[in-house]
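Asks: what would the 3D arrangement of this be:
(2 chains)
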Amino acid sequence: MEQIATNHISTTSMKTLFGILIVYALLATSAVAQPAVQKAIQKQLILSDDGATIQLDEGRFTFSGSLSLEDKKNIVIRGRGMDKTILSFKGQTDGAEGLRVSNGQNIVIEDLTIQDTKGDCIKTMNVNGITFRNVKVEWTGKPGPTNGSYGLYPVQCQNVLIERCTAIGASDAGIYVGQSKNIVVRQCEAHHNVAGIEIENSLMADVYENNAHDNTGGILVFDLPDLVQKRGGNVRVYKNTVQNNNFDNFAPKGNIVARVAAGTGMLILATNQVEIFENQIINNKSIGTGIISYYMTENPIADKAYYPYPTRISIHDNLYRRERGYPTRKGRMGMMFRFKLKFGKDVPDILWDGITDTSYAQPATMDICLRNNTGATFANMDVANNFRTISRDLSKHNCELKPLADAKLSLGR
Amino acid sequence: MKGLLLSIGAFLLSVAFTIRQDYPAVAAPESLSAWGFFTGNIADQQPAAGVVPYRLNTPLFSDYAEKLRFVRLPAGQSVPYTPDDVLAFPVGTVLIKTFYFPTDFRQPDKGRRLLETRLLVHEAAGWKALEYVWNAEQTDAILEVAGEQTNVAYTDASGKNHRQLYVMPNLNQCKGCHNRNETLMPIGPSARQLNGNLTYADGEANQLTYWQQHGLLTNLPALASVPKTPVWNDPATGSLDARARAWLDINCAHCHRPDGPASTSGLNLRHTETNPTAWGVQKTPVAAGRGSGGRQFDIVPGKPDESILVYRMESTDPGVMMPEVARKVTHREGVALVREWIRAMHP
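Replies: This is a model prediction of the structure:
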């Protein structure tokens, strides 16, 4: 027996409540082809006044289609707790996401779990002020390429707070912030995703005190071409635990993350101004931390406004530890390790592709600063010269960059 | 003093609240018939005075449903001609679109089933979408906020029988497509899409000319200088490239445009886009996930089977298919057109 939700609405006026009662009455008389719960919750999402709290009951509810919230301000969608209010989209037939929020202001989603959507679990777009708190997004069962892409997916948003959330099983990124500005991701756990946490083409982001483990790649900071928000930057990644990210890549081919090597702790791709500090980066078998240009993807670049090199990168005061052993043998990176880099079991923690912009004023060695990292070893792979002079000399990068500013959120309520 | 301020504040708040709550005074009628768009038996969809039927050269595919389109401008008002984009209809305009399936596409006289009538109403505050779902008796359609779904059965033009699920949108889903910079907007009725003939009660005429003659359209230049969207499946109306771009424009570009909801992908399928990378050639996907189907690029010239665009058009898996909503079956003829177009591209 499917449990029927008795959804309580704490709205600000009796009239609204009355309106919703009318809706329920209509609902009772019309032919209900969709599951009643889905229709009832969707109606709340449509009819709620700005400022309303939509309270979802404890229990497990099944949905066949996406839910959506549009054009609202100051809305809270609240469950009775992670793993207590479970919205399951297993067998979804309609729409790609679980929940989609667009064109909103100060939206809070908290204390609930969303499972097994066909596409992304929660996508929010054009929202200024979006909070995900104590939310779990997951694909149950063995991770595989038929899982949806993103767990939490704010895109083209401002003032994004993601805290105490859990993401499991995404075939792209568990927690993904794209083309956004002013971002905090903290105290989250991401595991068994292709990418645990990814910040892409985004500005002013703080990623801290998270635990990314058993993904293919733990934390990624990417800048990609051909997008609306062209350039990300000022990303700080600190005090995270990034451990055992050795899970085989299960992303569908064609996606950029399908190229991430199993065993990647952190990866900076073509992003400017990234500061990585005070993290524990442990037992990621291939790349503890990688710093690479877009050329490493071997994709063509047609976007003239795109800058493919990572610049102003500072990696300091981290702890690196890695058990002796081989890196991944799979994919292009696996081939590179076997036939070009030949590190054997002695794989360096920090890898830089050594591809530099010859017209860039600052010498690259003073622009990629690696200092005071406990236990860290390093290699410049010299990819530009077909791996000719692979250098493990860390001293050339003994420099310091000005600390980046912290991300400031404006979440008015 | 403090108490006074508080009570004034509370009073202002309650005034503001009352105004806001009373705003839906012009609430939408519960039934389609109450709008008075049609005369006689409403299921016959005979337009009342002031309601004008129209068609588009290349329409959006909607699971093989047929559509009846009408426009009602406010009395005495007109819309000025503009060469690009959707016409700027005045406040008070209603666009009316009824979706139906003929019992047998080969024999229209065998009857039809009306499923839904969608309205776009231009109010002072902007466009508003309303969804009316037809009852089983076909005597009226009822306002439905949260959408509906039903099974439909029909015989297609080649005599094949089909049974499929048909989904009607909830109000939020309307804006999933009718979204320009987060503002609800019509998609279809631009001058170039209307530049074609329609048979009216008083004979066949070019729609723009007819609109002008009946005072609906002003500033219409000589017809020869008005752009014309080709008919996607009529090679006499345009080149393969022009027809494929027209099909992609109406089916995809409401989202895949710089000011649309799929701008996040960087893929722009407007017919006006001139940068091949932007419309998909050798473009890598951004957030396609398993929508990539293991393929590397949106369009690989000469190779439809390696192009993500084709993969997503062919799929009916909600996590893969495009468009994301409002489609349950594949548009086989549309796919064939886009395949032919990609195959003809030179690498």
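Asks: how about the one residue in the stretch 151-300 of chain A that gets nearest to chain B, secondary structure?
Replies: Closest approach of the stretch 151-300 of chain A to chain B (CB to the nearest CB) occurs at residue A:254, with a separation of 3.2 Å. C-beta coordinates here come from the backbone N, C-alpha and C atoms, glycine included. Using DSSP: H, G, I helix; E, B strand; the rest coil, the structure places residue A:254 in coil.
Asks: what of the one 4 residues further on?
Replies: Using three-state DSSP, the structure places residue A:258 in helix.
Asks: that one and residue A:252 touch, don't they?
Replies: Yes. Contact criterion CB atoms under 8 Å: residue A:258 and residue A:252 qualify, at 6.6 Å.
Asks: what's in contact with the helix or strand hosting residue B:204?
Replies: Taking DSSP states H and E as the criterion, residue B:204 maps to strand B:203-206. Outside strand B:203-206, the residues that touch it by CB atoms under 8 Å, 6 or more residues apart in numbering or on different chains are B:195, B:196, B:197, B:198, B:213, B:223.
Asks: still on that earlier bit, quick one, what contacts the residue of the stretch 151-300 of chain A closest to chain B?
Replies: B:284, B:285, B:288, B:292, B:293, B:294, B:295, B:296, B:297, B:308.
Asks: how about the spatially closest residue to it that is not a sequence neighbour, what does it touch?
Replies: Distances taken as CB to CB, 6 or more residues apart in numbering or on different chains place residue B:292 nearest to residue A:254, at 3.2 Å, with adjacent residues excluded. Going by CB under 8 Å, 6+ apart, residue B:292 touches A:252, A:253, A:254, A:255, B:285, B:308, B:311.
Asks: if you set the cut-off to 7 Å instead, what comes out?
Replies: A:252, A:253, A:254, A:255, B:285, B:308 (CB atoms under 7 Å, 6 or more residues apart in numbering or on different chains).
Asks: kindly report the same for residue B:105.
Replies: Residue B:105 neighbours (CB under 7 Å, 6+ apart): B:154, B:155, B:156, B:157.
Asks: for the record, mean pLDDT for the following helix or strand past the strand holding residue B:204?
Replies: Counting by DSSP H and E, the next helix or strand C-terminal to strand B:203-206 is helix B:207-213. Averaged over helix B:207-213, pLDDT sits at 97.
Asks: one more: stretch A:244-258?
Replies: For stretch A:244-258, the per-residue pLDDT averages 93.
Asks: how about stretch B:264-282?
Replies: Mean predicted confidence for stretch B:264-282 is 94.
Asks: can you tell if that stretch touches chain A?
Replies: Yes. Using CB under 7 Å from any CB of the partner chain, stretch B:264-282 reaches chain A at B:264, B:266, B:277, B:282.
Asks: over to stretch B:326-338?
Replies: No. On the criterion CB under 7 Å from any CB, stretch B:326-338 is out of touch with chain A, staying 8.4 Å away.
Asks: next one: the residue of the stretch 151-300 of chain A closest to chain B from residue B:277, what distance?
Replies: Relative to residue B:277, residue A:254 is positioned 16 Å away (CB to CB, to the nearest Å).
Asks: next one: residue B:302
Replies: Counting by CB to CB - residue B:302 and residue B:277 are separated by 17 Å.
Asks: same check on residue A:158?
Replies: 27 Å.
Asks: what about these two, which has more around it?
Replies: Higher neighbour count among residue A:158 and residue B:277: residue B:277, with 22 against 19, using other CB atoms under 10 Å in any protein chain shown.
Asks: pLDDT at the nearest residue to that one once chain neighbours are set aside, what is it?
Replies: The shortest distance from residue B:277 to any non-neighbouring residue, by CB to CB, 6+ apart, is to residue A:302 (4.1 Å). Per-residue confidence at residue A:302 stands at 86 (pLDDT).
Asks: which SS state does residue A:302 fall under?
Replies: Assignment for residue A:302 (three-state DSSP): coil.
Asks: backbone dihedrals for the residue of the stretch 151-300 of chain A closest to chain B, please?
Replies: When read as degrees, to the nearest 10, the backbone of residue A:254 gives phi 100, psi -30.
Asks: around chain B, pick out the residues from the stretch 251-400 of chain A.
Replies: A:252, A:253, A:254, A:255, A:256, A:299, A:300, A:302.
Asks: and with 8 Å instead?
Replies: A:251, A:252, A:253, A:254, A:255, A:256, A:299, A:300, A:302, A:303 (CB under 8 Å from any CB of the partner chain).
Asks: hang on, residue A:259 packs against residue A:331?
Replies: Yes. Contact criterion CB under 8 Å: residue A:259 and residue A:331 qualify, at 6.9 Å.
Asks: the more surrounded of the two?
Replies: residue A:259 (20 against 17).
Asks: look up phi and psi at the closest residue to that one other than its chain neighbours.
Replies: Leaving aside its sequence neighbours, residue A:259 sits nearest to residue A:297 (CB to CB, 6+ apart; 5.9 Å). With angles defined as degrees, to the nearest 10, residue A:297 sits at phi -80, psi -20.
Asks: check contacts around residue A:297.
Replies: Per CB under 8 Å, 6+ apart, neighbours of residue A:297: A:256, A:259, A:269.
Asks: tally of neighbours for the nearest residue to residue B:73 once chain neighbours are set aside?
Replies: Nearest in space to residue B:73, with sequence neighbours left out and distances taken as CB to CB, 6+ apart, is residue B:93 at 5.3 Å. Residue B:93 has 21 neighbours, counted by other CB under 10 Å.
Asks: can you name the residues that contact residue B:93?
Replies: B:71, B:72, B:73, B:74, B:79, B:121, B:122.
Asks: got the contact list for residue 192?
Replies: No chain specified, so I'll use chain A. By CB under 8 Å, 6+ apart, the neighbours of residue A:192 are A:143, A:168, A:169, A:214, A:215, A:247.
Asks: sorry, I should have been clearer: chain B.
Replies: Going by CB under 8 Å, 6+ apart, the list of residues near residue B:192 reads B:57, B:83, B:84, B:226, B:227, B:228, B:229.
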